[in-house]
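Colleague: build the 3D model from these lines:
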Amino acid sequence: EIRFLLSPELIAARVFAERLGDRDTLLIVGAERFSRHTGYAGTFKFDGPFEDEAARRPDGGLCTTVTAMDALSFDDYGSQFRESNL
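Modeller: This is a model prediction of the structure:
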């Protein structure tokens, strides 16, 4: 979620992606980061612009890949590590 705030095009990508199932992931290639931040959750805040120095492909796109997935909720902490849930 933080990465989506730092790279606004990731938010737009959600409009074009299907709803993810429990075992689905979404790979987004070429996302550029525009912001620095500090903190997390309740202390999260903008900390200025960020100059993304990631390597670029010949077409000018960034050589970055973001993997997005929905988190699953487990009542029992240990059950998330069972082979059937991986």
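
Colleague: against residue 58, how distant is residue 4?
Modeller: Counting by CB to CB, to the nearest Å, the gap from residue 4 to residue 58 is 27 Å. Yep, even glycine has a C-beta here, placed from its N, CA and C like the rest.

Colleague: higher neighbour count, these two?
Modeller: The neighbour comparison of residue 4 against residue 58 (other CB atoms under 10 Å) goes to residue 4, with 17 against 5.

Colleague: specify the local secondary structure of the closest residue to the more buried one other than its chain neighbours.
Modeller: Nearest residue to residue 4, sequence neighbours excluded (CB to CB, 6 or more residues apart in numbering): residue 10, at 4.4 Å. Counting by DSSP: H, G, I helix; E, B strand; the rest coil, the backbone at residue 10 sits in helix.

Colleague: show me the contacts for residue 47.
Modeller: Residue 47 makes contact with 35-38, according to CB atoms under 8 Å, 6 or more residues apart in numbering.

Colleague: sorry, wrong one. I was asking about residue 2.
Modeller: Residues in contact with residue 2 (CB under 8 Å, 6+ apart) are 37, 40, 44.

Colleague: hey, what's residue 37 bridged with?
Modeller: Residue 37 has the following beta-bridge partners by DSSP bridges: residue 46.

Colleague: tell me the pLDDT of the residue nearest to residue 55 when sequence neighbours are not counted.
Modeller: Distances taken as CB to CB, 6+ apart place residue 63 nearest to residue 55, at 4.3 Å, with adjacent residues excluded. Per-residue pLDDT puts residue 63 at 94.

Colleague: next, count neighbours for residue 63.
Modeller: Residue 63 has 10 nearby residues by other CB under 10 Å.

Colleague: relative to residue 35, how far out is it?
Modeller: Distance, residue 63 to residue 35, by CB to CB: 20 Å.

Colleague: please name the nearest non-neighbouring residue to residue 74.
Modeller: Excluding the flanking residues, the one nearest residue 74 by CB to CB, 6+ apart is residue 80, at 4.5 Å.

Colleague: this completes my enquiry, with thanks.
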